[in-house]
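**Student:** take this sequence and fold it.
(chains A and B)
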Protein chains: 2
Amino acid sequence: MNALKLTVPDGVPFIDYERSFDFPVAEVFRAHAGPELLAQWLGPRGTNVAVEHYDFRTGGSYLYRHTGPDGVTYAFSGVFHTVRENDFAVQTFEFSGYPDVVSMEFLTFEDLGGGRCRLRAHSVYPSQEARDGMAASGMESGLSEGYERLEELLGRHSRAR
Amino acid sequence: MNALKLTVPDGVPFIDYERSFDFPVAEVFRAHAGPELLAQWLGPRGTNVAVEHYDFRTGGSYLYRHTGPDGVTYAFSGVFHTVRENDFAVQTFEFSGYPDVVSMEFLTFEDLGGGRCRLRAHSVYPSQEARDGMAASGMESGLSEGYERLEELLGRHSRAR
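**Tutor:** Take a look at the predicted model:
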């Protein structure tokens, strides 16, 4: 079972999570690497993702907008401090609902062998309040559904080969 | 007295500091905004700064190298998530001695009126250990000397007008 495991540690402004996939690390990395695939899985079901730009390389930046089933649109933007193929990425993250409350996310892509991989994320917030707000925002179910959609997307691609 | 005030709070991975200047906010901001001025004040006395690139704008990036009096060179690199003139900047920061241990810094430029201003910084580290290591690294004296050099630089510019 590849369920999302999310941890909200006491007293420090972090959120950590991990998720395994029955797909090779290169495929999971590729689903993060460009706007075409990203828009097909990012966010909960029923989300419309419009990617304005998404330049997944060291020194690149991104801006995309989510429109939920309720018709409300939010923007998400940031810069990529590091991107190493099939390995590691560090990016900043800002949500238009909380301007200037920028967080940072470390993503580690790990090859588990046998065509499987694990994604680990360490998110760092600028205050305990910002972390608590994010943890209470429905982040866990949004991520969980997003990664289920990612798995389905990779499954369709695999079958199409 | 415009001395640096630096705070290393217990139990959270932050470092905060502030420094006032007897110069207008636009001048202090300008000293952060381009490589020519930056290289003249960044770091403790006796540091040679070689700026490879420094693009101080939202979505820009930077890389510079410090060579100390001992001849040892370190690289510092990052990306600018936000830059707002005379107001606010958010940037990432990585030191070549600790690869992938990326921190984030929020800089607020505040006009105090009467030709004075205050710079406030909030630094956020990816672990308590990384914060403690940075706090123990001589950061306070390095910052303190750097801002004294900045003040001297602005003084020379003012007198030259």
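**Student:** tell me the residues of chain A that contact chain B?
**Tutor:** Residues of chain A found near chain B (CB under 8 Å from any CB of the partner chain) are A:11-13, A:59, A:61, A:78-82, A:88, A:90, A:92, A:94, A:100, A:102, A:104, A:106, A:122, A:124-126, A:128. Just so you know, the C-beta spots here come from the backbone N, C-alpha and C atoms, and that holds for glycine as well.
**Student:** out of the residues you listed, which are buried?
**Tutor:** With neighbours counted using 16 or more other CB atoms under 10 Å in any protein chain shown, the residues of chain A next to chain B contain these buried positions: A:12-13, A:59, A:61, A:78-82, A:88, A:90, A:92, A:94, A:102, A:104, A:106, A:122, A:124-126.
**Student:** quick one on the thing from earlier: so of the residues of chain A next to chain B, which ones are in strands?
**Tutor:** Among those, the residues falling in strands (DSSP state E) are A:61, A:78-82, A:88, A:90, A:92, A:94, A:104, A:106, A:122, A:124.
**Student:** now stretch A:5-21: mean pLDDT?
**Tutor:** Per-residue pLDDT values across stretch A:5-21 average out to 97.
**Student:** only the buried residues of the helix or strand of chain A with the lowest mean pLDDT, if you could.
**Tutor:** Taking mean pLDDT, DSSP states H and E as the measure, chain A has helix A:139-160 as its least confident helix or strand, at a mean of 91. Using 16+ other CB under 10 Å as the test for burial, helix A:139-160 gives A:139, A:142-151, A:153-154.
**Student:** restrict it to CA atoms and write it as CSV.
**Tutor:** The C-alpha coordinates for helix A:139-160 follow below in CSV (Å, rounded to 0.1, in the frame of the first residue of the first chain):
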residue,chain,number,x,y,z
MET,A,139,-3.3,19.9,2.7
GLU,A,140,-3.2,16.2,3.6
SER,A,141,-6.3,15.2,1.6
GLY,A,142,-5.2,17.4,-1.3
LEU,A,143,-1.8,15.8,-1.5
SER,A,144,-3.2,12.4,-1.0
GLU,A,145,-5.6,12.8,-3.9
GLY,A,146,-3.0,14.4,-6.1
TYR,A,147,-0.6,11.5,-5.7
GLU,A,148,-3.5,9.0,-6.5
ARG,A,149,-4.1,11.0,-9.6
LEU,A,150,-0.3,10.9,-10.4
GLU,A,151,-0.4,7.1,-10.0
GLU,A,152,-3.4,6.8,-12.3
LEU,A,153,-1.7,9.1,-14.9
LEU,A,154,1.5,7.0,-14.9
GLY,A,155,-0.6,3.8,-15.1
ARG,A,156,-2.3,5.2,-18.3
HIS,A,157,1.1,6.1,-19.7
SER,A,158,2.5,2.6,-19.0
ARG,A,159,-0.5,0.8,-20.6
ALA,A,160,-0.2,3.1,-23.6
